[in-house]
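S.K.: 3D model of this:
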Amino acid sequence: MEKPRAILKRYRLCDACLGRQFAHDATPEQSVRLGREIRRLVGQDNESPEGECFICFPTRQQLSELEERVPQAMQGIECDTIQVGVSMSDAVTRREDELRIRYSLLEGESIRRELSHRAGIRLAQRLGAKIDFEKPDVTLIFELSGKAPKLEIQINPIFIFGRYRKLERGITQTKRYCPSCRGKGCETCSFTGYEPGESIEFMIAREMMKLFGGSDWKFHGAGREDVDARMLGNGRPFVIEILNPTKRKRDLGEFERETNGRWQGRLEIFGLRHSTRREMQHIKTKKFDKTYELVISFSDDVTEDALRALPEKVSGCEVRQQTPLRVLPRRKDTVRRRLIKGLQILMVDIPARKAQVRLRAESGLYVKEFLAGDGGRTDPSVKGMLGAANLEVESLDVVSVHDDFQ
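M.R.: Just a heads-up that it's a prediction; the model follows:
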């Protein structure tokens, strides 16, 4: 008892701060009980230093006062899990460091950890939630370092995975800022900040944000198709990130049905489920092969035999593509290399000068340019392989995204 006796002779400490100096990985209640036992053993069990603690006064009292505001501040916010953080002035930690250095106390818990642990236990009970240090629904931050203590509530986002089929051409995937005002709002865009017309993002995310009571959203797709292309087959994976959601449990099946009914014949979504930040990052960074079906038209110098010979020429070929002229205004002029995994001839109509092909390629291939050549900026191209004077892509559909999502 030499160290505790010397400490209490020099400093006034509350039971929690006293017990914490000699407790490693203890709960707040265990620290308090240990502090009381130490005080009894040194003959000071009748003293009550609460409110004058050398280390935690007045921080502990400020935290208790802020805790009382939490239930009111959390009204209308659904959460199953919480995490609590405490920020305090450097003076508090310096006082604790002074005591520990003077008496060579190396194993005790820090006041920051003790206060956040204590507040977390109490608030989890009051809110009917659990503590989650990894992915909490809500993070409560008690700012005790300034003149006026503050409570900050951080509502962590919800991530919803799904797939969409775009059944109508002419719909963009994501919202585009108005070119006139660049998102500020003007007469051209009716003060919305966005180009007129629907987008897949708006058609899904706008209503989903309302469903979860969020303040905004972010749309993350596994690549994108051209505005004049359809997205069919197994659908394109996406994750919608709902910011500051006040609701967390909603019927995603019902949302699917309502959305598909609202956009019948234009858009279909399916496979909605709760997702994670990690899966969202995977969608943004992983590159997946895609399979396309295209209808092409060609000039009179193209023969059926030449078309039927294409699969053998194209499969396994590496394509060198300089940024296409059609996207050059908004993309860096560079050269990309992409691998063609396979090509099938689905239909040939020589009298009509048309053919339908199916093509599988690495992500990032400019498919139209691979077929039509883009004035030589794509090499090789199907147009060049056929020796065609003219070749045009009449329609393009994405029929499969070869992803690894369940």
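S.K.: my read is that residue 316 contacts residue 340, right?
M.R.: Yes. Taking contacts as CB atoms under 8 Å, residue 316 lies within contact range of residue 340: 6.9 Å. All C-beta atoms are positioned from the backbone trio N, CA, C, and that covers glycine.
S.K.: for the two, indicate the residue with more neighbours.
M.R.: Counting neighbours by other CB atoms under 10 Å for residue 316 and for residue 340 shows that residue 340 has the greater number, 20 against 10.
S.K.: what stretches of this protein score poorly on pLDDT?
M.R.: Low-confidence segments of the chain (pLDDT under 70): 45-51, 196.
S.K.: excluding covalently adjacent residues, which one is nearest to residue 76?
M.R.: Excluding its sequence neighbours, the residue lying closest to residue 76 (CB to CB, 6 or more residues apart in numbering) is residue 246, at 5.6 Å.
S.K.: any idea which helix or strand carries the residue located most distally from the centre of the chain?
M.R.: In the chain, the greatest distance from the average C-alpha position (CA atoms, centre = their mean) is reached by residue 43, at 56.9 Å. Using DSSP states H and E, residue 43 falls within no helix or strand.
S.K.: any idea how far it is from residue 172?
M.R.: Here the criterion is CB to CB, to the nearest Å. By it, residue 43 lies 78 Å from residue 172.
S.K.: cool, residue 10 as well?
M.R.: Distance check for residue 10 against residue 172: by CB to CB, it reads 71 Å.
S.K.: look at those two and report which has more neighbours.
M.R.: residue 172 (18 against 12).
S.K.: isn't residue 353 up against residue 304?
M.R.: No. At 11.0 Å, residue 353 does not count as touching residue 304 under the criterion of CB under 8 Å.
S.K.: who has more neighbours, these two?
M.R.: Between residue 353 and residue 304, residue 353 has the larger neighbour count (other CB under 10 Å), namely 15 against 12.
S.K.: the closest residue to residue 185 other than its chain neighbours - how many residues pack around it?
M.R.: Excluding the flanking residues, the one nearest residue 185 by CB to CB, 6+ apart is residue 191, at 4.0 Å. Neighbours of residue 191 under the rule other CB under 10 Å: 11.
S.K.: and if you look at residue 401?
M.R.: If you count neighbours by other CB under 10 Å, residue 401 ends up with 22.
S.K.: phi first, then psi, for it.
M.R.: Main-chain torsions, residue 401, degrees, to the nearest 10: phi -110, psi 120.
S.K.: now do the contacts for it.
M.R.: Neighbour list for residue 401: 222-223, 233-237, 288, 290 [criterion: CB atoms under 8 Å, 6 or more residues apart in numbering].
S.K.: is it true that residue 63 touches residue 114?
M.R.: No. Contact criterion CB under 8 Å: residue 63 and residue 114 do not qualify, at 10.6 Å.
S.K.: who has more neighbours out of those two?
M.R.: Set side by side, residue 63 and residue 114 show more neighbours around residue 114, with 24 against 21, by other CB under 10 Å.
S.K.: residues of stretch 106-114 that come out buried?
M.R.: Across stretch 106-114, burial judged by 16 or more other CB atoms under 10 Å covers 108-109, 111-112, 114.
S.K.: also stretch 346-355?
M.R.: Going by neighbour count (16+ other CB under 10 Å), the buried part of stretch 346-355 is 348, 355.
S.K.: who's in contact with it?
M.R.: By CB under 8 Å, 6+ apart, stretch 346-355 touches 293, 295-300, 302-304, 307-308, 345, 356-358, 394.
S.K.: confirm that residue 272 sits in a helix.
M.R.: No. Read with DSSP: H, G, I helix; E, B strand; the rest coil, residue 272 is strand and lies in no helix.
S.K.: next, count neighbours for it.
M.R.: For residue 272, the count of nearby residues is 20 (other CB under 10 Å).
S.K.: which stretches in the stretch 51-200 of the chain count as strands?
M.R.: 81-88, 130-131, 138-144, 150-155, 158-166 (DSSP state E, counting those that start in this stretch).
S.K.: make JSON lines out of those strands and add mean neighbour count.
M.R.: Shown next, in JSON lines, are those (neighbours: other CB atoms under 10 Å):
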{"stretch": "strand 81-88", "mean neighbour count": "20"}
{"stretch": "strand 130-131", "mean neighbour count": "14"}
{"stretch": "strand 138-144", "mean neighbour count": "20"}
{"stretch": "strand 150-155", "mean neighbour count": "15"}
{"stretch": "strand 158-166", "mean neighbour count": "22"}
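S.K.: turn these into a markdown table, including distance to residue 102.
M.R.: Written out in a markdown table, the entries for the strands of the stretch 51-200 of the chain read as follows (distance: least, CB to CB, whole Å):
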| stretch | distance to residue 102 |
| --- | --- |
| strand 81-88 | 21 |
| strand 130-131 | 34 |
| strand 138-144 | 25 |
| strand 150-155 | 33 |
| strand 158-166 | 49 |
